[in-house]
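1. Quick one, what's the 3D model for this:
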Amino acid sequence: MRVAIMSVRRGWHTDELCRALGERGHVGVVVPYEGLIASIGNGPISADDLASDGVPLLSADAVLARFIPAGTLEQLIYRVDALHWVEDRGIPVVNSPKTIERTVDKFYTTALLKGAGLPTPDTVVCESDKDALAAIKAMGDVVIKPIFGSMGHGLVRVGDPDVAFRVVQTLRQMGTVFYVQRVIDHGGRDIRAFVVGGRVIGAIERVGPDGDWRTNVSRGGSAKAFALPPEWEEFAVRAASVVGADYAGVDLLPSRDGSIFVLEVNGIPGWRGLQQATGCDVAGSLVQHLLTRIETGQAPGGLVGVPR
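-> I've put the predicted structure just below:
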């Protein structure tokens, strides 16, 4: 089988996926989102109607959607719409563009988690600076996050009212949507659980550098293998399911008081740090799940009961 891997460029993750496909007798071809060309005419749809770098996507056996490069709103919508077109033609896309749309948006993800009864930190999302300041005043110590973002970039923690006012006014001038979340006293640690095909294949505990409240490995945090308690594992699997993810990185936040929160669900997660810490062959598990989906005709993972 021939699997198209949509990404920014070749790198460690795409090499791992190509390696896992090759070990199973299949071929992975890495193609860029920026090279997408859709040719739409009056005749019937053909394999060449959607291509990137000369690779026809509508004749691929499957598409693995990896990192989508930054761009304008039009560019991002076009790239995801192209994945929709591929999936609408009956070609498996992992993760589904529906899942990508849900997980790239922190508000959408949080709303779905809340609707599924999963524990999430108190959160207020609004456009008004007055509403944002009122939420900060009510919650006290908060983190203001960009709705679209990853790897800990753009997060601001504020507790002082004067600092909060200056931060909010600056963000207001940028036309942002305020995503204000109560700080959980987590002692500088969180858990990343990696879910593939409805099961956790590995988990790590991440600790922020020098007491930093941000634990991202990309920001200097350390990681070690972690054995998930059954309840936490159930939360991770349910969180991946509610967004319809075939695979996902689910961030769990354990509080010092013993409670646990589902913080985020990453629908295009990296796994280099997790693989190094746990020894899991993540690409192998992901590819095997994809091949099972192709062979059995399974729908994208966890879509039952999830809103469109």
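2. Now do the same contact list for residue 30.
-> 5, 7, 9, 10, 14, 18 (Cβ atoms under 8 Å, 6 or more residues apart in numbering). All C-beta atoms are positioned from the backbone trio N, CA, C, and that covers glycine.
3. what's the answer for residue 196, then?
-> 246, 247, 282, 285, 286, 289.
4. Sort out which of the residues you listed are buried, if you could.
-> Neighbour-count burial (16 or more other Cβ atoms under 10 Å) is assigned, among those, to 246, 247, 282, 285, 286, 289.
5. Without its sequence neighbours, what residue ends up closest to the third one?
-> Nearest-residue entry for residue 282: residue 271, 4.2 Å, with adjacent residues in sequence omitted and distances by Cβ to Cβ, 6 or more residues apart in numbering.
6. Just to check, that neighbour is in contact with residue 13?
-> Yes - Residue 271 lies in contact with residue 13 (Cβ atoms under 8 Å); the separation is 7.4 Å.
7. Next, show the common contact partners of these two.
-> residue 283.
8. and residue 70, that's in a strand?
-> No - assignment of residue 70 by DSSP: H, G, I helix; E, B strand; the rest coil gives coil, placing it outside any strand.
9. And it, how close does it get to residue 148?
-> Between residue 70 and residue 148 the computed distance is 10 Å (Cβ to Cβ, to the nearest Å).
10. Over to residue 142?
-> Applying Cβ to Cβ to residue 142 and residue 148 gives a distance of 19 Å.
11. okay, these two: which has more neighbours?
-> residue 142 (25 against 14; other Cβ atoms under 10 Å).
12. That one contacts residue 156, doesn't it?
-> No - contact between residue 142 and residue 156 fails when scored by Cβ under 8 Å: they sit 9.0 Å apart.
13. re earlier: mark which of the contacts of residue 196 are part of strands, please.
-> residue 247 (DSSP state E).
14. Looking at the contacts of residue 196, which two lie furthest apart in space?
-> 246 and 282 (12.8 Å; Cβ to Cβ).
15. and the closest residue to residue 157 other than its chain neighbours, how many residues sit next to it?
-> Of all residues not flanking residue 157 in the chain, residue 143 sits nearest, at 5.0 Å (Cβ to Cβ, 6+ apart). Here the number of neighbours of residue 143 (other Cβ under 10 Å) works out to 19.
16. Equivalent analysis for residue 249, please.
-> 25.
17. So it, which state does it fall into?
-> strand.
18. Would you mind listing the residues in contact with it?
-> Contacts of residue 249 (Cβ under 8 Å, 6+ apart): 192, 193, 194, 195, 265, 266, 269, 270, 271, 274.
19. follow-up on the earlier one: ok, of the contacts of residue 30, which come out buried?
-> 5, 7, 14, 18.
20. Could you identify the most distant pair in those residues?
-> 7 and 18 (10.9 Å).
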